[in-house]
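Asks: no sequence for this one, just the structure:
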């Protein structure tokens with residue numbers, strides 16, 4: 001499912017117009033990106049947690065030349081599914 005398909009599904013499920021659904025979906029994505037990029041977590045009980053994780057500097061290898069390279073430290077977004085989400089996917 002891509003973003004436009006998600007918007008159609010939200011509009012149908014919430015019985016709202018596609019325009020309103022697009023505003024809601026876009027606003028949700030913007031809030032998640034803004035909060036996680038500032039280092040804040042977003043916890044939605046039963047669904048999951050969006051968070052920012054820090055990767056340490058590490059040594060890698062260029063596969064073409066086998067030259068050792070240093071990969072700098074970075075921050076990456078992460079999502080951890082909640083128990084209800086995991087159970088729904090696994091259908092226990």
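Replies: Structure received. Source: prediction; values computed, not measured.
Asks: Run the chain-centre distance for the longest helix along the chain.
Replies: Across the chain, the longest stretch assigned as helix under DSSP state H is helix 18-37. Shown here is helix 18-37, whose average C-alpha point lies 12 Å from the average C-alpha point of the whole chain (Cα atoms, centre = their mean, to the nearest Å).
Asks: Contacts for it, please.
Replies: With contacts defined as Cβ atoms under 8 Å, 6 or more residues apart in numbering, helix 18-37 is touched by 3, 6-8, 10-11, 14, 16, 41-42, 50-52, 77. Every residue, glycine included, has its C-beta placed from N, CA and C.
Asks: which of the residues in that helix are buried?
Replies: Of the residues in helix 18-37, those with enough neighbours to count as buried (16 or more other Cβ atoms under 10 Å) are 21, 22, 25, 32, 36.
Asks: What is the nearest of those residues to residue 82?
Replies: In terms of Cβ to Cβ, no member of these lies closer to residue 82 than residue 32, at 15.0 Å.
Asks: Double-check that residue 79 belongs to a helix.
Replies: No. When DSSP: H, G, I helix; E, B strand; the rest coil is applied, residue 79 is found to be strand, with no helix at that position.
Asks: residues contacting residue 50?
Replies: 32, 35, 36, 41, 42, 77, 78, 79.
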